[in-house]
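In: quick one: sequence and predicted model below, then my questions.
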Amino acid sequence: MELPWLGEHCSERSCKQLDFLPLKCDACGEVFCKDHIRYDDHKCSSAYKKNVQVPVCPLCNTPVPVRKGEIPDVVVGAHIDKDCKYNPAQQKIFTNKCFKPGCKRKEMMKVVCEQCGGNFCIKHRHPLDHDCKGSSQPMSKA
């Protein structure tokens, strides 16, 4: 080595490469080589300070504002504890209405007729029960 005082060693423990053009991480301030400068490459513990994504509440699907330097997980957790408008009692589970005229039943899952493609309740799921107008005729009236 002719000029050992030039450059700096990469701060990544597994690397320690002597780099003549070292890069300084703008989040944690440590020096890295080109292979470890990305936050994920050196597992930067301060990456959240530079993250500009707006987290969304997983329950009410509203964006949660995060100030610079705050940890998004903590802010979203506080939103869920205090300000979240999510109410599990208002969530509709039975949304699949029966196509049979006069039937007002709804099911959690779609029950689709293979012949006509209509969505029916459990009671009217068979082609004979909903007067199916599909292309093929039923095998039997059992």
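Out: Structure's in. What do you need?
In: can you spell out the domain ranges of the protein, please?
Out: Following the TED database, the chain resolves into domains at 7-51, 52-88, 92-134.
In: tabulate the ones you listed (CSV), appending mean pLDDT and mean neighbour count.
Out: C-beta here means a position set from N, CA and C on the backbone, and glycine is covered the same way. Formatted as CSV, the domains of the chain follow (pLDDT from 0 to 100; neighbours: other C-beta atoms under 10 Å):
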stretch, mean pLDDT, mean neighbour count
domain 7-51, 86, 15
domain 52-88, 85, 12
domain 92-134, 87, 14
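In: OK, contacts around the most centrally placed residue in the chain?
Out: By C-alpha atoms, centre = their mean, the mean C-alpha position of the chain lies nearest to Pro58, the distance being 8.2 Å. If you count contacts by C-beta atoms under 8 Å, 6 or more residues apart in numbering, Pro58 has them with Val76.
In: and it, how far is that from Val66?
Out: Distance from Pro58 to Val66, counting by C-beta to C-beta, to the nearest Å: 15 Å.
In: for this protein, what spans make up the strands?
Out: Assigned by DSSP state E, the chain shows strands spanning 8-9, 18-19, 23-24, 31-32, 96-97, 106-107.
In: make a markdown table from these and add distance to Lys49 to it.
Out: Formatted as a markdown table, those follow (distance: least, C-beta to C-beta, whole Å):
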| stretch | distance to Lys49 |
| --- | --- |
| strand 8-9 | 23 |
| strand 18-19 | 24 |
| strand 23-24 | 15 |
| strand 31-32 | 17 |
| strand 96-97 | 46 |
| strand 106-107 | 48 |
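In: tell me which of those sits nearest to Lys85.
Out: Taking C-beta to C-beta, strand 106-107 is the member of the strands of the chain nearest to Lys85, at 24.7 Å.
In: what residues does that closest one touch?
Out: 94-98, 121-122.
In: looking at those residues, which is nearest Thr62?
Out: Closest to Thr62, out of all of those and judged by C-beta to C-beta, is Thr95, at 21.8 Å.
In: now the closest one, nearest residue through space, not along the chain?
Out: In space, and not counting its chain neighbours, Thr95 is closest to Lys106: 6.5 Å by C-beta to C-beta, 6 or more residues apart in numbering.
In: bridging residues for the one you found?
Out: Lys106 forms beta bridges with Lys97, as assigned by DSSP bridges.
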